[in-house]
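Enquirer: sequence plus predicted model, see below.
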Amino acid sequence: MSRSATVKSDNPLVKYFRDTRAELGKVTWPTREEGMRLTGIVVVATIISGIALFGIDYLFGSLIGLLIRSL
């Protein structure tokens with residue numbers, strides 16, 4: 001084995017990409033339908049969280065405004 005082949009195989013970056021590719025081969029990927037369903041769930045949860053955070057922010061903003069005006 002030549003010296004350059006040994007150095008290349010010992011390169012940490014090459015090893016990282018080789019190991020990453022091997023691990024990605026072991027992944028059980030979701031079907032298109034599962035991916036679409038899970039994406040929908042994430043979108044709905046994000047919208048609900050955004051609405052809830054907006055409501056809490058609005059409530060506290062109003063309370064702070066009332067407190068400042070009363071002083």
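Expert: Now that the structure is in, tell me what you want to look at. Remember, it's a predicted structure, so these values are computed and weren't measured experimentally.

Enquirer: okay, now residue 49: neighbour count?
Expert: 10 (other Cβ atoms under 10 Å). C-betas here are computed from N, CA, C, even on glycine.

Enquirer: again, but for residue 70
Expert: Neighbour tally, residue 70, other Cβ under 10 Å: 6.

Enquirer: which ones are touching the residue positioned nearest the centre of the chain?
Expert: Centroid-nearest residue in the chain: residue 42, 11.0 Å away (criterion: Cα atoms, centre = their mean). Contact analysis of residue 42 by Cβ atoms under 8 Å, 6 or more residues apart in numbering lists nothing.

Enquirer: how close does it get to residue 12?
Expert: For residue 42, the distance to residue 12 equals 35 Å [Cβ to Cβ, to the nearest Å].

Enquirer: what does residue 38 give?
Expert: Counting by Cβ to Cβ, the gap from residue 38 to residue 12 is 34 Å.

Enquirer: now residue 25
Expert: 20 Å.

Enquirer: give the rounded mean pLDDT of whichever strand or helix holds residue 18.
Expert: Using DSSP states H and E, residue 18 sits within helix 12-26. For helix 12-26, mean pLDDT rounds to 93.

Enquirer: need the next SSE after it, C-terminal direction.
Expert: Defined by DSSP H and E, the subsequent element after helix 12-26 is helix 32-70.

Enquirer: fine, thanks again, bye for now.
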